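Peer 1: Return atomic coordinates for the entry below.
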Amino acid sequence: MNMFGKSVLAIGCLGVLVSAGCANKEVVKKDNPIAAETVNKAAFIAPAASAAVSNQNKEEHRNTGIESKTPTSSPSVVRQTVQAEAVQPSLENVYFNFDSSALSTTARDTLTRSAEVLMKSLKDNSIRIEGNCDERGSAEYNLALGERRAKVAEKYLTTLGVPSGRISVVSYGKEKPAVQGSDEAAWAKNRRDEFVIQK
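Peer 2: The predicted structure follows:
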């Protein structure tokens, strides 16, 4: 075999050895102690970093509530809230004549229906009566008138059997109009008591 053939054979053998992967950690450890130390540190750092990322992901999931199994409210509170939201529309507004806190026949009928709801469907809830007025008159006058309107509704509900301890009153005067406008149609809608279920 000539010199050229021997060279080709030697290069081929060298290629087979390299491609077979015989240079692994052991070679690095024997030939290059600095590189071996780097490889060993990487072997310990990688799992620690992976665990840190895993813990961070768990914390992010916990903060978004994905892993949380603790309910924020008890079932009875949730049930009361859902029931209150369902019943709220049945508590109709009571309307008043201009500059008056007297209950009309229609207002008394409305309050009678509301009392039935409060005693049957909402035994565990309180109610807030909000007295309101139209835009005419001073702010002070309308606050006093709104309070009289709320209190007359409260008194009527208590005569129908709703415990007074479950009722609170507040007056907004002319500050919370239901309808914007300066005509009788708007004013008639703004002279009212509203009923808000307290959860």
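Peer 1: all helices in the protein, in order from the N-terminus.
Peer 2: 3-19, 25-31, 33-63, 75-87, 105-120, 139-159, 184-190 (DSSP state H).
Peer 1: what's around the spatially closest residue to E130 that is not a sequence neighbour, how many residues?
Peer 2: Nearest residue to E130, sequence neighbours excluded (CB to CB, 6 or more residues apart in numbering): E194, at 4.5 Å. Heads up, the C-betas are built off the backbone N, CA and C, glycines and all. Using other CB atoms under 10 Å, E194 is surrounded by 19 other residues.
Peer 1: likewise D124?
Peer 2: By the criterion of other CB under 10 Å, D124 has 12 neighbours.
Peer 1: I167 pairs with what?
Peer 2: Counting by DSSP bridges, I167 forms beta bridges with I127.
Peer 1: I figured it hits E154, correct?
Peer 2: Yes. At 5.0 Å, I167 counts as touching E154 under the criterion of CB atoms under 8 Å.
Peer 1: Name the residues contacting each of the two.
Peer 2: I129 (CB atoms under 8 Å, 6 or more residues apart in numbering).
Peer 1: hey, least reliable of the helices of the chain by pLDDT?
Peer 2: Among the helices of the chain, helix 25-31 has the lowest mean pLDDT, at a mean of 44.
Peer 1: Would you mind measuring from the closest residue to D193 other than its chain neighbours to Q88?
Peer 2: Nearest non-adjacent residue to D193, counting by CB to CB, 6+ apart: V94, 4.3 Å away. The gap separating V94 from Q88 is 15 Å, by CB to CB, to the nearest Å.
Peer 1: Looking at the two, which is more packed in?
Peer 2: A side-by-side neighbour count of V94 and Q88, using other CB under 10 Å, places V94 first with 26 against 13.
Peer 1: correct me, but the more buried one touches R192?
Peer 2: Yes. Because the distance of 6.4 Å satisfies CB under 8 Å, V94 is recorded as touching R192.
Peer 1: Before I go, just wanted to say thanks for your time.
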